[in-house]
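Participant: Fold the following.
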Amino acid sequence: MASGKTHDAVTLWTLPLVTGGVWWWAGAAPALVVGGCYLFSGLMFSGDLDIHSNQYRRWGWLRWLWLPYRRWFAHRSMWSHGFLVGTVVRLVYLGSWGVLLGTAMLGLGRILNYPLNLDWNYVWRLVGGYGLWVFGGLELGAMSHSLGDVISSGYKRLVKRFR
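Facilitator: I've put the predicted structure just below:
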């Protein structure tokens, strides 16, 4: 398994390739979205949130959000490191916290008679227009992490076999 420093280095070194490739293929706006999500995924949203990792520590005082996730999912399981599945699970998990906290804020706004008005049309246009780019960037970041684990573990096994 690769170290946290190795994962960070892979993320930072491959960021220009990912962003440049998307820029060439789809333009500047999608490239910035994918690049930002790739960076976020590689540094803070990877499968290693299920252990006391660099990614977990980077959440600072918000890391308590990930404690149930750490208890529910075994490290390097399909649910945390799986292709597409790991990213979807983390998005649903974090989204659940967002819904819970958002509902609490709306309720508090009602209690305090301070209505929170959101332009839902804007939110849906934003999600609809860039949702796939966001997911693509998050998944690419997660896959660079998982691929780093697979390559590192395979290399270590190969070296061990020939010793």
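Participant: contacting residues for residue 8?
Facilitator: Neighbouring residues of residue 8 by Cβ atoms under 8 Å, 6 or more residues apart in numbering: 42, 43, 54. All C-beta spots, glycine's among them, are computed from the backbone N, C-alpha and C.
Participant: Tell me how many other residues surround the first one.
Facilitator: Summarising burial for residue 42: neighbours were counted as other Cβ atoms under 10 Å, giving 28.
Participant: Buried residues of the helix or strand where it lies, list them for me.
Facilitator: Per DSSP states H and E: residue 42 is located in helix 28-44. Across helix 28-44, burial judged by 16 or more other Cβ atoms under 10 Å covers 30-35, 37-43.
Participant: same thing with stretch 91-101?
Facilitator: Across stretch 91-101, burial judged by 16+ other Cβ under 10 Å covers 91, 93.
Participant: buried stuff in stretch 45-61?
Facilitator: Residues of stretch 45-61 classed as buried: 45, 46, 47, 48, 49, 50, 53, 55, 56 (neighbour count, 16+ other Cβ under 10 Å).
Participant: I'd like these as TSV, with distance to residue 146 and pLDDT appended.
Facilitator: As requested, these are exported to TSV (distance: Cβ to Cβ, whole Å; pLDDT from 0 to 100):
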residue	distance to residue 146	pLDDT
45	13	90
46	8	81
47	6	78
48	10	79
49	13	82
50	13	82
53	14	82
55	13	84
56	16	87
